[in-house]
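any chance you can model this:
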Amino acid sequence: TIYLVLVCVVSKKKMEENRVIDITRSSFEVHKVVSPPHRSTLLKLKNRLKETFFPDDPLRQFKGQTIKKKLILGAQYFFPILEWCPNYRFHMFKSDIISGLTIASLAIPQGISYAKLANLPPIIGLYSSFVPPLVYAVLGSSRDLAVGPVSIASLVLGSMLSEVVSPTKDPLLFLQLAFTSTFFAGLFQASLGFLRLGFIIDFLSKATLIGFMAGAAIIVSLQQLKGLLGIINFTKQMAIIPVLSSVFHTINEWSWQTILMGFCFLVFLLLTRHIGMRKPKLFWVSAGAPLLSVIISTLIVIAIKGQNHGISIIGKLQEGLNPPSWNMLHFSGSYLGLVIKTGIVTGILSLTEGIAVGRTFAALKNYQVDGNKEMIAIGLMNIVGSSTSCYVTTGSFSRSAVNHNAGSKTAVSNIVMAVTVMVTLLFLMPLFQYTPNVVLGAIIVTAVIGLIDIPAAFQIWKIDKFDFLVLLCAFFGVIFVSVQDGLAIAIGISMLKVLMQITRPKTVMLGNIPGTGIYRNVDHYEEALSVAGFLILSIEAPINFANVTYLKERISRWIQDYEEEGAKKQPGLRVVVLDLSPVSSIDTSGISLFKDLSMALEKKGLEFVLVNPIGEVMEKLQRADETKDLMRPDVLFLTVEEAVASLSSTVKYQIPEHV
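Here you go, the predicted structure:
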C-alpha cells in the first residue's frame with residue numbers, strides 16, 4: 001500500500017512538472033449536440049434588424065392596446081411633453097422656476113461668451129439660448145438637460161469655418177455659413193434618430209473624448225489670452241505653437257488694466273467653482289458667479305470709463321427676439337462641402353455630449369433617457385434654430401449640473417430659462433454694452449477648465465494602455481495640429497484598434513483543472529494541465545473573412561509547438577479540439593477554414609473535433625457539411641469534458657517510464 005501511494009504521488013508530481021494530465025473515463029454519458037430550431041430567412045432577417053436598430057423594442061408598449069390608446073402612446077412617444085404634462089403639479093413648478101432662473105443666470109453670460117468663441121456676434125449666443133430650449137422642452141426626454149451653446153461645438157464650428165472664411169473681413173458670409181452648418185448638424189442628428197443609427201456615435205470612445213476635450217480646453221483657454229491680455233492683433237490659428245507665438249510677439253499690445261481685471265475675475269470665478277464642486281448645496285455660488293462678474297465688471301467699466309483706458313468692451317447689442325434666418329441658408333455653391341463637413345463634425349460632438357449628459361443625470365434620478373428620442377429632439381432643435389438665427393446647441397454639462405442641483409423636476413426649467421432670456425433680449429440688452437471682453441474670456445476659461453479630467457485619464461492608463469495612447473493622440477493632435485484633425489487622428493487609431501481585434505482574435509490553449517471537468521486557459525490558471533495527446537484550443541471571437549488566414553496560421557503554429565514539445569517530454573499529439581463556445585458568428589470563409597483544417601489534420605493522422613457550436617455557427621456548419629465530415633457524432637461534442645472523455649479511450653500513446 002505504501003509503495004502504491006508513493007508511486008501515485010511521484011506520478012502526479014511528474015505530470016505536473018510536464019504540465020500534462022492523463023484522463024481516462026470508464027463510463028461517461030455523452031450528450032448529443034442538437035440543431036437549433038428552424039427559422040425562416042425572413043424571420044432571421046427580422047430579428048437581426050430588430051436587434052440592430054430597435055434593441056429597446058419601442059413598439060412593445062403598443063401590444064394589446066386599443067386604437068385610441070395606441071394613438072395616445074404614439075403622440076407621447078414623439079412628444080414626451082404630452083406624457084409628463086398631465087401629471088404636472090404646482091410644487092413641481094416652484095422647483096422648475098428656481099432651476100430655470102438659476103441656469104438663466106449662467107446661460108446669459110455663457111451664451112455671449114461662447115458666441116465670441118465661435119467668432120459669431122455675441123447676440124447670436126443669446127438667440128441660441130432662447131428658441132432651442134423651447135423646442136427641446138417639447139421633444140426631449142431628459143428632465144435635467146439644460147440646452148444652449150457649448151464650448152466644444154462653438155470652438156469647432158468657429159475654427160473649421162474660419163480656416164476658409166474670415167469672420168472679420170466677411171462677417172455676413174461667415175454668419176450664413178454658421179447657420180447652414182447648424183442646419184446640416186441638425187439634419188444629421190435627426191436622421192440618426194429616425195433611422196435608429198445612434199450606434200455610429202459610439203465610435204467616439206471615452207478615451208477619445210477625454211483626450212479631445214482636454215486638448216480643446218487648453219486651446220480654448222489659450223485663445224482667451226487675447227481678451228485676458230488685451231491683445232488686438234491675434235492669430236486665428238488654433239494650434240498651441242501659433243497661439244503662444246502670437247502672445248509673445250505682441251507684448252507691446254498687452255494692457256495692464258485688462259490683465260489686472262482679468263486676473264481678479266478669473267480668480268473669483270475659479271474660487272466660486274471650487275466651492276460649488278466641494279459643496280453641492282452651494283451650487284448657486286458657482287452658478288451665479290458669471291452673471292455677477294458681468295454686472296460688477298460692467299459697473300466698473302462705466303464708472304472709470306474703461307473703454308478709454310485700453311479695456312475692450314462688447315459694444316452695442318441688437319435688441320429684440322430672434323429674426324428669421326432661413327433666407328441665409330446656403331445649399332449650393334463652393335462652400336457646400338465645407339458646411340456639410342462642419343455640420344457633421346459639430347453634430348456628432350454636440351450629440352455625444354448631449355446624450356452623455358442626459359444619461360448621466362437620468363441615472364442619478366433613476367429614470368430612462370431614450371437615445372433615439374434625444375437625437376431627434378436635438379436634431380430638430382438645431383434645424384429650427386438654423387432658421388431663427390441660432391447656431392449649434394446641445395445639452396451643456398455645466399448648466400445641466402446646475403439645473404440638477406437646483407432641483408429641476410421637468411423640462412419646464414428650460415422654458416423658464418428661455419423666457420428669462422427673452423426678457424433679456426427685449427429689455428436688458430443695453431446693460432451689456434459696456435461689458436468687458438476680458439470677463440467673457442475669464443468665464444470661458446472657468447467653464448472649459450472642467451473638461452480636463454486628469455483622474456479619468458489616470459484610470460484609463462491603469463486599465464488599458466492602448467486606450468491611453470488614443471487619449472494622448474487626441475490630446476496632442478488637438479493642441480499641435482488642429483481641433484478637427486486631432487479628433488480625426490484619435491478616431492482613426494480607435495478604428496485601428498477595433499480592426500486589430502477583429503483581424504487578430506485571441507486564441508488560447510485550454511487545460512484541465514485536476515479533479516474537475518473544467519477547462520481553462522493554461523496561461524491564466526497555473527493549476528490547469530494539458531491533456532495527454534490532446535491540443536484543446538479556444539477561439540474567443542467571431543470567425544470571418546478578415547481573420548481566417550490569421551487563425552489558420554495560428555492554429556498551425558499551436559500544432560507545431562505541441563508536436564515539438566511532445567517530442568521532448570510528453571506523448572504525441574492525437575486530437576485537436578476547437579472550443580467554439582465564444583464564437584458568436586461565422587461566415588463562409590470561416591466554414592472553409594474548418595474544412596481545410598479537417599483535411600490537413602486528417603493527412604497527418606490527427607482527429608479534428610468541434611465543441612459546442614452555437615446558433616448561427618451550428619446552422620451554417622450543417623448547411624455547408626455536404627459530405628457529413630464536420631458534423632459526425634464522433635467529432636461534435638457539447639463540452640470539452642465530454643470530448644476528452646469520449647476520445648481518451650481511442651487515443652493510443654506510450655506512457656513515459658516514470659509514470
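
and what about the residue lying closest to S598 once chain neighbours are set aside, helix, strand or coil?
Nearest residue to S598 in three dimensions, chain neighbours excluded: F608, at 4.7 Å (C-beta to C-beta, 6 or more residues apart in numbering). All C-beta atoms are positioned from the backbone trio N, CA, C, and that covers glycine. Secondary structure, DSSP: H, G, I helix; E, B strand; the rest coil: F608 is strand.

what do you get for G310?
coil.

does it touch E253 like I think?
No. G310 lies out of contact with E253 (C-beta atoms under 8 Å); the separation is 9.3 Å.

joint contacts of those two?
By the contact definition C-beta atoms under 8 Å, 6 or more residues apart in numbering, G310 and E253 are jointly contacted by G230.

on that earlier part again, the residue nearest to S598: neighbour count?
20 (other C-beta atoms under 10 Å).

tell me the contacts of it?
575-576, 578, 597-598, 601-602, 635.

nearest to A401, of the residues you listed?
L578 (51.4 Å; C-beta to C-beta).

circling back to that earlier point, kindly reformat the contacts of F608 as a markdown table containing distance to I259.
Formatted as a markdown table, these follow (distance: C-beta to C-beta, whole Å):
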| residue | distance to I259 |
| --- | --- |
| V575 | 79 |
| V576 | 74 |
| L578 | 70 |
| L597 | 73 |
| S598 | 78 |
| L601 | 78 |
| E602 | 82 |
| V635 | 80 |
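
need the contact list for G310.
If you count contacts by C-beta under 8 Å, 6+ apart, then G310 has 230, 255, 257-258 around it.

then V402?
99, 102-103, 106, 146, 283, 286-287.

burial check on the closest residue to L228 other than its chain neighbours, number of neighbours?
With C-beta to C-beta, 6+ apart as the criterion, L228 has its nearest non-adjacent residue at 4.1 Å, and that residue is G262. Applying other C-beta under 10 Å, we find 26 residues neighbouring G262.

host element of G262?
Taking DSSP states H and E as the definition, G262 sits inside helix 256-278.

list the buried residues in whatever helix or strand comes next after that helix.
Using DSSP H and E, the helix or strand that follows helix 256-278 in sequence is helix 283-304. Residues of helix 283-304 classed as buried by neighbour count (16 or more other C-beta atoms under 10 Å): 283-295, 297-298, 300-301.

what about the helices in the stretch 501-650 of the chain?
For the stretch 501-650 of the chain, the helices defined by DSSP state H, counting those that start in this stretch cover 548-569, 588-603, 615-624, 640-647.

that older thread, the contacts of F608, buried ones only, as a PyMOL selection?
Buried residues within these, by 16+ other C-beta under 10 Å, are selected in PyMOL with:
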select buried, resi 575+576+578+597+598+601+635
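
farthest-separated two in the contacts of F608?
Pairwise over these, using C-beta to C-beta, the maximum falls at L578 and E602, 14.7 Å.

surely K373 meets L145?
No. Between K373 and L145 no contact is recorded; they are 11.7 Å apart, counting by C-beta under 8 Å.

neighbour count winner among those two?
For K373 and L145, the more surrounded residue by other C-beta under 10 Å is L145, and the numbers stand at 34 against 20.

distance of that one relative to N414?
8 Å (C-beta to C-beta, to the nearest Å).

quick check: neighbours shared by these two?
Y136.

contacting residues around I518?
512, 641.

and the pLDDT at it?
pLDDT recorded at I518 is 91.

show me the shaky parts of the stretch 201-350 of the chain.
202-203, 236 (pLDDT under 70).

show me which of the contacts of G310 are buried.
Looking at these with 16+ other C-beta under 10 Å, the buried ones turn out to be 230, 255, 258.

report the contact partners of the last one.
Meaning T258. Going by C-beta under 8 Å, 6+ apart, T258 touches 227-230, 310-312, 436, 438.

the first one now?
Counting by C-beta under 8 Å, 6+ apart, G230 touches 253-255, 257-259, 310-312, 438.

next, work out how far apart it and V448 are.
G230 is 20 Å from V448, by C-beta to C-beta.

where do the helices sit along the stretch 1-150 of the chain?
Counting by DSSP H, counting those that start in this stretch, the helices of the stretch 1-150 of the chain are 2-18, 41-53, 67-78, 81-84, 90-117, 122-127, 131-139.

gap between the host helix or strand of F466 and the chain center?
Per DSSP H and E: F466 is located in helix 465-480. With C-alpha atoms, centre = their mean, to the nearest Å as the basis, helix 465-480 stands 15 Å off its chain's centre.

averaged pLDDT, it. What do you get?
Here the average pLDDT along helix 465-480 is 89.

give me the buried positions along it.
Of all the residues in helix 465-480, those buried under the rule 16+ other C-beta under 10 Å are 467-479.

so which elements touch the helix or strand encompassing A216?
For A216, the host element (DSSP H and E) is helix 206-223. Applying 3 or more C-beta pairs under 8 Å, 6 or more residues apart in numbering; DSSP states H and E, one finds that helix 206-223 makes contact with helix 151-162, helix 240-248, helix 437-448, helix 454-463, helix 465-480, helix 483-503.

please repeat the previous calculation with a cut-off of 6 Å.
helix 151-162, helix 437-448, helix 454-463, helix 465-480, helix 483-503 (3 or more C-beta pairs under 6 Å, 6 or more residues apart in numbering; DSSP states H and E).

for F183, which non-adjacent residue is spatially closest?
That would be S386: by C-beta to C-beta, 6+ apart, it lies 3.8 Å from F183.

got phi/psi on the one you found?
Main-chain dihedrals, S386, degrees, to the nearest 10: phi -60, psi -20.

and it, what does it touch?
For S386, the contact set (C-beta atoms under 6 Å, 6 or more residues apart in numbering) comprises 179, 182-183.

domain boundaries for this protein, per the record?
Per the record, the chain has its domains at 59-88, 89-497, 505-652, by the TED database.

which of these sits most buried?
Across the domains of the chain, averaging neighbours per residue (mean count of other C-beta atoms under 10 Å) puts domain 89-497 on top, at a mean of 20.

what about that one, start to end distance?
End-to-end distance of domain 89-497 (C-alpha to C-alpha, to the nearest Å): 51 Å.
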